[in-house]
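**Student:** could you look at this predicted model? Sequence included:
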Amino acid sequence: GIGKSALINEIHKPIVEKNGYFIIGKFDQFQRNIPYSAIAQAFKELIKQLLSESSESLKIWQMELQAAVAGNGQVLIDVIPELKLILGAQPSIPQVEQLEAKTIFHRLFQKYISLFGSQEQPFVLFLDDLQWIDDSSLKLLETIALSPNLNSVMVIGAYRNNEISKRISR
């Protein structure tokens, strides 16, 4: 009721005009136990967009993605299964401690997301209903926000102020 959709539509237009990528994920209060749910949802849409591009373009994306993940693509595929449609089968990842696994995922995700933003082709990730964000997604967003290597990448978040105050007071 405050014009969020209108604002997002206005931001969306110039991104699309520059052949950029604008993807949307929405957190859900009933999926707070699923790490990265809205981020995976948004990137599922990006994969669909990439798959609809020309075979030449898709081949370039495949090479760039494979170079970025350097044999660790399964870490990303575990969160964004549709990525396998571009990367193909990836080698299994050895079991590591949970904290190390998150660190590896965050590092790879930074490389992954950095591929999509450039001066010629901006990239916007819009995440809605941040009041329902899970801790893993929040930490990933913090990592992204603090990354010096993410040029031409914009992350926009929206939340319901009244729900945030409820969450903080608990």
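**Tutor:** Structure's in. What do you need?

**Student:** residues touching the spatially most central residue of the chain, list them.
**Tutor:** Of all residues in the chain, the one closest to the mean position by Cα atoms, centre = their mean is Ile39, 4.6 Å from it. Going by Cβ atoms under 8 Å, 6 or more residues apart in numbering, Ile39 touches Gly25, Val79, Leu125, Leu127, Ser137, Leu140. Using the backbone N, CA and C atoms, a C-beta is placed for each residue, glycine as well.

**Student:** how about a cut-off of 6 Å?
**Tutor:** Gly25, Ser137 (Cβ atoms under 6 Å, 6 or more residues apart in numbering).

**Student:** what do you get for the one 4 residues further on?
**Tutor:** Under the criterion of Cβ under 6 Å, 6+ apart, the neighbours of Phe43 are Ile80.

**Student:** which secondary structure element contains it?
**Tutor:** helix 37-51 (DSSP states H and E).

**Student:** list the helices and strands the helix or strand just after that helix packs on?
**Tutor:** Later in the chain than helix 37-51, the nearest helix or strand by DSSP H and E is helix 55-69. Secondary-structure packing of helix 55-69 (3 or more Cβ pairs under 6 Å, 6 or more residues apart in numbering; DSSP states H and E): helix 98-114.

**Student:** pLDDT on the helix it packs on, on average?
**Tutor:** The average pLDDT within helix 98-114 is 89.
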